[in-house]
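Visitor: what shape does this take:
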Amino acid sequence: MQENNIFLLKITKLLKEKGLTQTDLAKKVGITQASLSKILSGQNSTKVITVQKLAKALDVPVSCLIDDEQITSKNSNNPENNNSVYELIKDFRRCMEDQIKVINLKIDSLRNEIIKN
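Guide: As a prediction, the model looks like this:
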């Protein structure tokens, strides 16, 4: 376990606050405890959907798990230790951008239908 892994620290803090174990969380998310442990330790990268499931299982917004401000806090002395978290943030932002594009396309489509009618 890396001491500066902010993602792990956030999850650990939330587990403690909620009185849950990693095994409990893994079950709620639908993954094995071993998989969760690897994700939290940075041994495995994770998909945005898994982060969304983690946030839902912990009853917190996704931003609570990947907030930039806390990742770059003074508790994180070496950014290289947080590569998996930074990659996760990039993936999440890309996902959000893609979702916004889809929503805008749907809005345009609806707008065009309304104009036609």
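
Visitor: assign a three-state SS to residue 26, would you?
Guide: Under the three-state scheme (DSSP: H, G, I helix; E, B strand; the rest coil), residue 26 adopts helix.

Visitor: that one - how many residues pack around it?
Guide: Other residues near residue 26 come to 20 when the count uses other CB atoms under 10 Å. Where C-beta positions appear, they are placed from N, C-alpha and C, glycine not excepted.

Visitor: just the pLDDT for it.
Guide: You'll see residue 26 listed with a pLDDT of 92.

Visitor: please report the distance of the spatially most central residue of the chain from residue 111.
Guide: The centroid of the chain falls nearest to residue 51 when counting by CA atoms, centre = their mean (3.4 Å). Residue 51 is 32 Å from residue 111, where distance means CB to CB, to the nearest Å.

Visitor: show residues contacting the helix or strand hosting the residue nearest to the centre of the chain.
Guide: Taking DSSP states H and E as the criterion, residue 51 maps to helix 48-58. Helix 48-58 has contacts (CB atoms under 8 Å, 6 or more residues apart in numbering) with 11, 14-15, 18, 20, 25, 28-31, 39, 61-62, 64-66, 88, 91-92, 95.
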